[in-house]
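Asks: Model the following, please.
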Amino acid sequence: VETVGDCYVAVAGLPEPDKDHVMAVCRFARDCVQIMQDTTLKLEVSLGPDTSELDLRKGTYLAYSILFSLWHQSGQVTAGVLRGERSRFQLFGDTMNTAARMESTSARNRIQVSQVTADLLYASGLSTWVAPRKIKILVKGKGEMQTYWLKTKAETGFEPSKSKSSAETHTESSMSSSVREADDISDLDGVGAMTKTQRLVEWNVEVLSSLLQQIIASRGGTVDPEDQSLSQKEATIGTGETVLEEFVPIIPLKRFDAGELSKRQKASSIDIDEEAKSQLRSYLANVASMYQDNPFHNFEHASHVTASVKKLLTRIVNVDDGHGLRTSSDKVDLADMAGHSYGITSDPLTQFSVVFSAIIHDMDHPGVPNAQLVKEKTRNAQIFKKSVAEQNSVELAWGMLMGEEYKALRACIYQTEDDLRRFRQLVVNAVMATDIVDKELQALRKSRWETAFADAPTNQYVGVSGDDCKATIVIEHLIQASDVSHTMQHWHIYKSWNQKFFMECYGAYKAGRAESDPSLNWYKGELGFFDFYVIPLARKLGSCGVFGVSSHEYLNYAQSNRDEWAREGEELVQEYLEKYKDMNNQHQ
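Replies: Numbers count the residues shown, from 1 in each chain. As a prediction, this is how the structure comes out:
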């Protein structure tokens, strides 16, 4: 009939009455949910993490099976076309109001129906299609109402036991054709059989592949995997006592002038060797397999961080020549601009390194903080002493990348010793930046920020390029912001990831790997995290001057989520606890 905001209004039984309207709209609602799920799974490969989390916002509501159930019994419905500039066919009345109020009491991917609708399904011999909700819902102006969940196709058989009417046959034909069309798409792409991790791997493959194309283009299209002298350097780099010892305050970056960029081969014209592409896919699949099955620190989180890094890189402003914001694009494309911000965007290897770091930064994360690992005297804690999880991630990821089976992939990433060393240094610095608890690293970051961006900058690093100083700091703040990007996105994303992090921390406490119950201070702790870390970090994204309106977007979401948490956080913590108990009971 129409759309109202984000609500899709559909109807069965108009303009001609249809005794099978309830069955028709139930089938339609179930198909909507199924096709939505199939579509988001397919899109996750191209659009990245969280895409599969997109659902029908509050579920699908049988507003008009409710409507026509009541109409069938009492006739209390009005339909017609209102006059005016936006004249359209509309539905009115108490039944519509009740349906609208039921919307706020449903759940994602669930279909809620009224008692009257359920009664009609029972009368049609379809009692197996519905299940009563355990609680009654409170509807404004109606009081408590008993409602039902319409079961999915997986939970019940699609067809009733009795013979089909002509209306049923027509509805089934039109609805199943839509389902077949969606299934055909899924089968062709092979997405339907993929796990979530496999879909995320494919998305990361595409992100890194686009950057590899630009790296190769910046070298004039050359790739030589047979350089023996480089192999010798690979064997010796990163062989110090610990990764943290390699950390440097400032990284000298490679820069390209406007003339070089204008002559650079188009990245889209570069074909990555199939062997290298296959090795990239294999490498990322192995990275994913080395993430532990934590509620929060898992491969999905790493992909979420990667998506934020990619977003911020594509929105960097060209501050050097005043061209303003880059053209928005799904891919990072460097060769169309000169004088990029502090050199970050003129070198594709720099961007590849930051994205690569985001993907590997929590590999093998044990689900507890570094302080707990040191207290437990784990093997890694005895080796690394501090920034334990971060150093371990770099060690594992780098060691695997240096394997003989990834030789063609490495040849795409770098071709000279200088590029190899810069790649390693960028990865070390970026991953170490994700340790936001270590006080020494915090103090060093604050000192360098004041050196580069304060109103009265100091000259602490004599002989170091000012752009290199600023670029290094911007890169670190970029990945830090991305690591907590859920706090600077839509409320429902923040709430989802906050719950996952709570489950991880509370699970560690219940397992005896934390001294105090995190639920006791979770509410106040989140407020403090917003006030003393997230919001100041979002402000720094703005004051460094390279992210344009994106920095305002991040800050606005951070402040909005902080206010929302202040209002709802205490109740949410209780919901988290109840959910943890329910999940724990199911596993027992």
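
Asks: can you give me the helices in the stretch 201-350 of the chain?
Replies: 228-236, 258-263, 274-289, 299-314, 348-360 (DSSP state H, counting those that start in this stretch).

Asks: Apologies, that question was intended for the stretch 451-588 of the chain.
Replies: 466-483, 491-510, 522-529, 535-543, 549-587.

Asks: now, of those, which is deepest in the fold?
Replies: Among the helices of the stretch 451-588 of the chain, helix 466-483 has the highest mean neighbour count (mean count of other CB atoms under 10 Å), at a mean of 23. Just so you know, the C-beta spots here come from the backbone N, C-alpha and C atoms, and that holds for glycine as well.

Asks: Strands of the stretch 351-500 of the chain, residue ranges please.
Replies: For the stretch 351-500 of the chain, strands defined by DSSP state E, counting those that start in this stretch do not occur.

Asks: Show me the one of the helices of the stretch 201-350 of the chain that comes nearest S560.
Replies: S560 sits nearest to helix 299-314 of all the helices of the stretch 201-350 of the chain, at 17.2 Å, using CB to CB.

Asks: Out of the helices of the stretch 201-350 of the chain, flag the one nearest L409.
Replies: The nearest among the helices of the stretch 201-350 of the chain, by CB to CB, is helix 274-289 at 4.1 Å.

Asks: tell me the angle that closest one makes with helix 299-314.
Replies: 120 degrees (axes from the mean of the first three to the mean of the last three CA atoms, to 10 degrees).

Asks: For helix 274-289, list every residue counted as buried.
Replies: Within helix 274-289, the residues scored as buried using 16 or more other CB atoms under 10 Å are 276-277, 279-281, 283-284, 286-288.

Asks: on that earlier part again, ranking the helices of the stretch 201-350 of the chain by burial, who's on top?
Replies: A comparison of those by mean neighbour count, using mean count of other CB under 10 Å, puts helix 348-360 on top with a mean of 25.

Asks: now the angle between helix 274-289 and that one, please.
Replies: 40 degrees.

Asks: and the angle for helix 348-360 with helix 466-483?
Replies: Relative orientation of helix 348-360 versus helix 466-483 (the same axes, to 10 degrees): 30 degrees.

Asks: Show the secondary-structure elements that helix 348-360 is packed against.
Replies: If you count contacts as 3 or more CB pairs under 8 Å, 6 or more residues apart in numbering; DSSP states H and E, helix 348-360 packs onto helix 196-218, helix 274-289, helix 299-314, helix 388-401, helix 417-432, helix 466-483.

Asks: can you give me the mean pLDDT across that helix?
Replies: For helix 348-360, the mean per-residue pLDDT is 96.

Asks: which of the helices of the stretch 201-350 of the chain has the lowest average pLDDT?
Replies: Taking the mean pLDDT of the helices of the stretch 201-350 of the chain, helix 258-263 comes last: a mean of 71.

Asks: Of the helices of the stretch 201-350 of the chain, which is nearest T195?
Replies: Nearest to T195, of these and by CB to CB, is helix 274-289 at 9.9 Å.

Asks: Distance from the chain centre to stretch 481-490, please.
Replies: The chain centre lies 10 Å from the centre of stretch 481-490; the measure is CA atoms, centre = their mean, to the nearest Å.

Asks: Serialize the helices of the stretch 451-588 of the chain to CSV and add fields for mean pLDDT and distance to Y406.
Replies: As requested, the helices of the stretch 451-588 of the chain are exported to CSV (pLDDT from 0 to 100; distance: least, CB to CB, whole Å):
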stretch, mean pLDDT, distance to Y406
helix 466-483, 91, 23
helix 491-510, 96, 31
helix 522-529, 98, 38
helix 535-543, 92, 34
helix 549-587, 92, 33
